[in-house]
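K.L.:
Below are the sequence and a predicted model for it; my questions follow.
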Amino acid sequence: MKSFKNFNLKKFNSYGITSYCDTVFFPDSESDIVRLFSELKDSQPYIIGNGNNLILSKEKYDEPFIILNGCFNKIEVEGSKIVAEAGATLLELSQIALNQSLSGFEMFYDIPSSVGGAVVMNAGSSGEEIKDLLTKVRYFDRSKNLIEEISVEDIHFEYRNSFFQQNPDKLVLKSSFRLKEGNQEAINAKMEEIKMKRWAKQPRNYPNCGSVFKRPEGRFVGPLLDELKLKGYRVGGAMVSEKHSGFIINYENASGYDILKLIDHIQSEVLKHFGVQLEVEQRII
């Protein structure tokens, strides 16, 4: 297990925010994680995967970070079942499913999330969610200092929410998925079609963390912001994307403060003009 001091987190959050933590750990195994939490029992470490849904609000963190990115990322295939460690990515999972002619992960192709992060937030797109493929999760319960398993029925998934999001002392270690046998060419064609549709309407040239807000019932965020002419609106180095107003981009060395101030402005304007309270989908630490 590697660890570093005074570590720059810029490469480990998709906004590309420059922010430092006092200490960071990169565990390789479940035993590393159990040992880490035992050693860090008097602190509250931040645990991140790909940092794809993350806003770093501080320039410096005294709390330790545990990063599951580029490590703790094994993937095993057993027939139509795939078991993935939390640090594996949805992209890797989709590619392996394709290679095995297994269908189900096409919609998650090109979403740069870790498996652990996707399970915690119940990642999804176009009506499909990660819970639809999940069967069970192996996790570390920090309060009990035990590794346990939970079935999908007991995780209480909701739209962009789950048991794990409500219980941050429970750390996702491994997730088991059940897929269906399919035609490899058809699976590949669907993955490419989904990717091209996303690329056509999402900003690709600037760092961003995808959709900022949860979709309010009966409405879509983008059209609300378009009506308010918020495309291109800036706070510091953060800007509402001119390609899709549901995204905030790091236009020019944005800080976490810039992004949060821009979010506050958007929420205030939408509430004032439409009476809709936008809820942030991204994790703020």
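P.N.:
Structure's in. What do you need?
K.L.:
which residues are in contact with the helix or strand of the chain with the lowest mean pLDDT?
P.N.:
Least confident helix or strand, the chain: strand 124-125 with a mean of 80, by mean pLDDT, DSSP states H and E. Taking contacts as C-beta atoms under 8 Å, 6 or more residues apart in numbering, the residues outside strand 124-125 that touch it are 107-108, 111, 130, 160. Yep, even glycine has a C-beta here, placed from its N, CA and C like the rest.
K.L.:
I would like the residues contacting stretch 210-219, please.
P.N.:
The list of residues contacting stretch 210-219 from outside it, by C-beta under 8 Å, 6+ apart, reads 14, 52-53, 111, 159-160, 202, 221, 246-248, 263, 266, 274, 276-282.
K.L.:
rewinding a little: and the next element down the chain from the least confident helix or strand of the chain?
P.N.:
Heading C-terminal from strand 124-125, the first helix or strand you meet, by DSSP states H and E, is strand 128-129.
K.L.:
Could I get the average pLDDT for that following strand?
P.N.:
When pLDDT is averaged along strand 128-129, the result is 89.
K.L.:
Which SSE is immediately downstream of that strand?
P.N.:
Per DSSP H and E, the helix or strand that comes after strand 128-129 is strand 134-141.
K.L.:
Can I get that following strand in PDB? Just the C-alpha atoms.
P.N.:
C-alpha atoms of strand 134-141 as PDB (Å, rounded to 0.1, in the frame of the first residue of the first chain):
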ATOM      1  CA  LEU A 134     -26.600  -5.500  -8.900                       C
ATOM      2  CA  THR A 135     -27.200  -8.600  -6.800                       C
ATOM      3  CA  LYS A 136     -25.100  -8.000  -3.600                       C
ATOM      4  CA  VAL A 137     -22.400  -5.900  -2.100                       C
ATOM      5  CA  ARG A 138     -19.500  -6.800   0.200                       C
ATOM      6  CA  TYR A 139     -18.600  -3.900   2.500                       C
ATOM      7  CA  PHE A 140     -16.600  -2.900   5.500                       C
ATOM      8  CA  ASP A 141     -18.600  -1.700   8.500                       C
END
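K.L.:
How far away from the center of its chain is it?
P.N.:
17 Å (C-alpha atoms, centre = their mean, to the nearest Å).
K.L.:
Tell me the helices and strands packed up against that strand.
P.N.:
Under the contact criterion of 3 or more C-beta pairs under 8 Å, 6 or more residues apart in numbering; DSSP states H and E, strand 134-141 touches helix 30-39, strand 146-151, strand 170-178.
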